[in-house]
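*Asks:* Structure for the following, please:
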Amino acid sequence: MRAALIRQVLLLLGLAFLPAIGQAIYYGRNVSWQQPAADSALVSVAQAKNWGAAVLWIDARPDAQFASGHIPEAVQLNEDNWTELLPRVLGIWSPERKLVVYCSRQSCNTSHEVAERLRKEAGLTNVYVLQGGWEEWQKKGK
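*Replies:* Residues are numbered from 1 along each chain as shown. Next up, the predicted model:
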């Protein structure tokens, strides 16, 4: 009797974990509980456009996405090619410029990761993340 109860409890626990395991397999690194942390440096398309020429747009998307379209005058800087692409960004950047990093959409964490690396590793200030990313730019930025 006791063994049957233990088996039932273990079976219920196993069944309870199935949705989480399935979600982790399906979404990989982008599971729902890994949403980007609240970022005080988020900026809207309208705010960034108001800054005009003071903005240096940083596209954090993969090469193929950048090649298929990006914000005019954006410079690519992604995690895959960080070492190769960072010198170009640093060559264009000046202290009075605001860096606005974007990736494909609101739920994309890449822009937050690139912005954090620019702050910590490159020691840059005035680094922002574009709220809504490339999708939002296509809706409101043109």
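*Asks:* Okay, now stretch 129-136: how far is its last residue from its first?
*Replies:* This stretch, stretch 129-136, spans 12 Å end to end (C-alpha to C-alpha, to the nearest Å).
*Asks:* buried stuff in it?
*Replies:* 129-134, 136 (16 or more other C-beta atoms under 10 Å). Where C-beta positions appear, they are placed from N, C-alpha and C, glycine not excepted.
*Asks:* now the residues you listed in JSON lines, with secondary structure and distance to Glu84?
*Replies:* JSON lines is the format used below for the buried residues of stretch 129-136 (DSSP: H, G, I helix; E, B strand; the rest coil; distance: C-beta to C-beta, whole Å):
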{"residue": "Val129", "secondary structure": "strand", "distance to Glu84": "22"}
{"residue": "Leu130", "secondary structure": "strand", "distance to Glu84": "23"}
{"residue": "Gln131", "secondary structure": "coil", "distance to Glu84": "28"}
{"residue": "Gly132", "secondary structure": "coil", "distance to Glu84": "28"}
{"residue": "Gly133", "secondary structure": "helix", "distance to Glu84": "23"}
{"residue": "Trp134", "secondary structure": "helix", "distance to Glu84": "21"}
{"residue": "Glu136", "secondary structure": "helix", "distance to Glu84": "28"}
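*Asks:* what's the average pLDDT for the helix ranked longest in the chain?
*Replies:* For the chain, the helix with the greatest residue count under DSSP state H is helix 2-27. Computed over helix 2-27, the mean pLDDT rounds to 74.
*Asks:* Return the list of helices and strands in contact with the helix or strand that that helix is followed by.
*Replies:* Using DSSP states H and E, the helix or strand that follows helix 2-27 towards the C-terminus is strand 42-43. With contacts taken as 3 or more C-beta pairs under 8 Å, 6 or more residues apart in numbering; DSSP states H and E, strand 42-43 sits against strand 127-130.
*Asks:* Cool, thanks, talk later.
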